[in-house]
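In: Show me how the following folds:
(chains A and B)
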Amino acid sequence: MGEGGLTMVPSPDQKAKSPVPRATGVLPKTKVGQWVTGLLAENTVMAPVRVDGKPLFRELRRPAAGQEPQLDLESVHTVNSPKGAVLPQTEALLDYKYVKTADGGSSLELHARTLERPIVLFGVRPCDAAALELIDQVFLTGAFIDEQYRERRDKVTVVAVACGAPARSCFCTSFGLDPGSARGADVVLYGRSGPGAAAEPDGYYAVAYTERGEALLSAPAAKAAGVTDLSAAEGAKVEEVIAAFRAQTTPLGERLGKVDVAEKLDGLFESPYWEKVAGRCLGCGTCTFVCPTCYCFGVTDCGAGGQGVRFRYWDSCKFPQFLQMAGGHNPRPAKKNRTRQRFMHKLNYYHHRYGEYLCVGCGRCVESCPVGLHLPLVAGDVRGL
Amino acid sequence: MSESTVAAATAGRLLVPQVATIVDIRDETANGDTKTFTVQMDDPGAAFKHLPGQCAMVSVLGVGEAMISITSSPTRGWPLEFCIKRAGRVTGALHDAQVGDKIGLRGPYGNTFPVEQWKGKNLVFIAGGFALAPVRCLIDYCLAHRDWFGHIDIIYGARSPGDLCFKPDIFERWPKEKDTTVSLTVDRADDAGTWKGAVGFVPQFVEKLAPSAKDAVAVTCGPPIMIKFVLEVLPKLGFKDEQIYTTLELKMQCGVGKCGRCNIGKKYVCVDGPVFCLTEIKELPNEF
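Out: Just a heads-up that it's a prediction; the model follows:
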């Protein structure tokens, strides 16, 4: 194994809850920039980079000749999540144009848009990769399939990087994930020296979990960058390394424990807890924007002179206008209603519809909420009610 | 990533409407705040089939989109009719539109009244104001299948005689139907004294008329305050929760259960509604 091509692991069970590795390569640390540069030739690449000292998940610009993009694969959290790749913060749905006709009337032309370039999400954390699948369930299941979402989603390849040093605010383990989870990822990069270090001095095992991931590893961009085959001697070590990544706990997750409050919340809609906990919410909506699983959107038109664009945009259930109706009625007029809506959606409503929670424990709400009103706090409180 | 997008066909795009034309506009009320728009699909192949209770997203491009109940019965085919009260931006733009103007239309959305389950029953329709719109679709559908049902009671009221919608239906067409009673009331009679009918609020009117609950189904649509009191009157007349249906309405953006807006607890009004039996409504949290 490992001589004629990538190491093949037999019998991938597509239905298994945990994806099974299909192929593994070795990526030297010094070659990451080169691989990404190669990917940029044919793909839009989005990856974690430092901007003014802040880790952000951004679309990469093509570097000047002889240079390579500087990725930040050390920071655990980017401030924003990569969800914008599948659900852009603003996304055109159609172009419209009213055209005057000869008889004095007007006609209306509508054009949808389509995405040409494939997208590679490089350096996604396992929690964020899993979050993409939670959003997929909304747009790609049920009586209506969102074709525009599907077209975009089908063009997205996810290269995740396993967490070797989960942050203080991490709690993926409370929601059935772990720092080495491959859910939602096509390829996962595992530090060759195992977990424990934020930096990966020895580079990565690049493990493909899907056909698409396998193709990415065997594509010329990967080969040219020095993604090499796994030696037979090292082959046995990969499983150990993956297992070590997956066995890690997360600091906040350890304190919070497994979260399973859906059933309990069925009876807590009228609890005075919501009024109490909502008191300090500022209604800023930060939690919903940084959250990798918050997908609620609005639709609006922007144009002038009879032509323009209809687009969808990230909206927030934390905003008073979210459900404000034209006639003046607002079913969720108070912070209590809106705070309850967000946490019930994540911990109860979504669970009723899709059988799991709408949270991956990334910890961004913990990091970003200006008043500390975050999901693990509420999940813990609810357990005690 | 805008540089990488190109124009594509609109077919199959969930949130992209079809182009339709307003072919008729009819004033419903004396004060002009409610109009019925007759709409024809430009591409006959895109003309969808709906069922009573279902809605469609109506667009004025450049202004926005709103979910509107389809007020014409499926048995009458296309063009479709939408009865719309001027309320906000989209409905305002529609009211400013003229015959021949182009709009966007997509649908049909939402569940339907379970008409098949009502075969053999007496029907009691209770509506207030322009909320007769969704019920009108259902009434005409039931009248087109007249043999399926026993007696049909239509109880309808509005603030004033001028606010009564669908006047040709309520005054002429429906009263002539076999075994069908139309009872009308207004909150206040007009000053001219031409109104000879009943005066009073719909809930009290229903209580006075006292339609029998035996083998009956009641459907009520109207302003929230009317629904609230009608739902107090019906049990007094012997109606059980499972005999009572209504429709709910919340702000919507997608209409297809994706945008995360119109939920009441775990139910989305756009896909799980708008039609709800009172037994279901009593299971919903009180947030609508």
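In: Is any residue of stretch A:316-335 near chain B?
Out: Yes - Stretch A:316-335 is in contact with chain B by CB under 8 Å from any CB of the partner chain, via A:317, A:322-327, A:329, A:331-332. Any C-beta I mention is one placed from the backbone N, CA and C, and that applies to glycine too.
In: Going through those residues, which ones are buried?
Out: A:317, A:322-324, A:331-332 (16 or more other CB atoms under 10 Å in any protein chain shown).
In: among those, which are in strands?
Out: When DSSP state E is applied, these are split such that none fall in strands.
In: Those into TSV, with extra columns for pLDDT?
Out: Shown next, in TSV, are these (pLDDT from 0 to 100):
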residue	pLDDT
A:Cys317	96
A:Phe322	94
A:Leu323	93
A:Gln324	92
A:Pro331	93
A:Arg332	95
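In: Please flag which of the residues you listed sit within helices.
Out: With DSSP state H as the criterion, helices contain none of those.
In: between those residues, which is closest to A:Arg168?
Out: A:Cys317 (27.2 Å; CB to CB).
In: before we move on, back to that, redo the residues of stretch A:316-335 next to chain B as TSV? Include distance to B:Asp42.
Out: Output for the residues of stretch A:316-335 next to chain B, formatted as TSV (distance: CB to CB, whole Å):
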residue	distance to B:Asp42
A:Cys317	36
A:Phe322	33
A:Leu323	33
A:Gln324	33
A:Met325	30
A:Ala326	27
A:Gly327	30
A:His329	34
A:Pro331	36
A:Arg332	38
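In: how about the residues of the stretch 101-250 of chain A near chain B?
Out: By CB under 8 Å from any CB, the residues of the stretch 101-250 of chain A that approach chain B are A:105-117, A:119, A:138-139, A:142-148.
In: List the residues that contact B:Asp215.
Out: Counting by CB atoms under 8 Å, 6 or more residues apart in numbering or on different chains, B:Asp215 touches B:120-122, B:150.
In: how about JSON lines for the residues you listed, with pLDDT and distance to A:Cys369 added?
Out: Compiled in JSON lines, the contacts of B:Asp215 are given as follows (pLDDT from 0 to 100; distance: CB to CB, whole Å):
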{"residue": "B:Gly120", "pLDDT": "97", "distance to A:Cys369": "57"}
{"residue": "B:Lys121", "pLDDT": "98", "distance to A:Cys369": "53"}
{"residue": "B:Asn122", "pLDDT": "98", "distance to A:Cys369": "56"}
{"residue": "B:Gly150", "pLDDT": "97", "distance to A:Cys369": "59"}
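In: farthest-separated two in those residues?
Out: Spatially, the most separated pair among the contacts of B:Asp215 is B:Gly120 and B:Asn122, at 9.1 Å (CB to CB).
In: where along chain A do the strands fall?
Out: Counting by DSSP E, the strands of chain A are A:7-8, A:23-27, A:44-51, A:54-59, A:90-100, A:106-115, A:119-124, A:156-161, A:187-191, A:204-208, A:228-229, A:297-304, A:307-314.
In: ok, B:Asp42 touching B:Val23?
Out: No - if you go by CB atoms under 8 Å, B:Asp42 and B:Val23 don't touch, sitting 10.8 Å apart.
In: that older thread, pick the one among the residues of stretch A:316-335 next to chain B closest to chain B.
Out: Nearest to chain B, judged by CB to the nearest CB, of the residues of stretch A:316-335 next to chain B is A:Ala326 at 2.7 Å.
In: what residues does the stretch 151-288 of chain B put near chain A?
Out: B:224, B:249-251, B:253-254, B:256-266, B:271, B:285, B:287-288.
In: List only buried entries from the residues of the stretch 101-250 of chain A next to chain B.
Out: Taking 16+ other CB under 10 Å as the criterion, what is buried in these is A:108, A:110-115, A:119, A:138-139, A:142, A:144, A:146-148.
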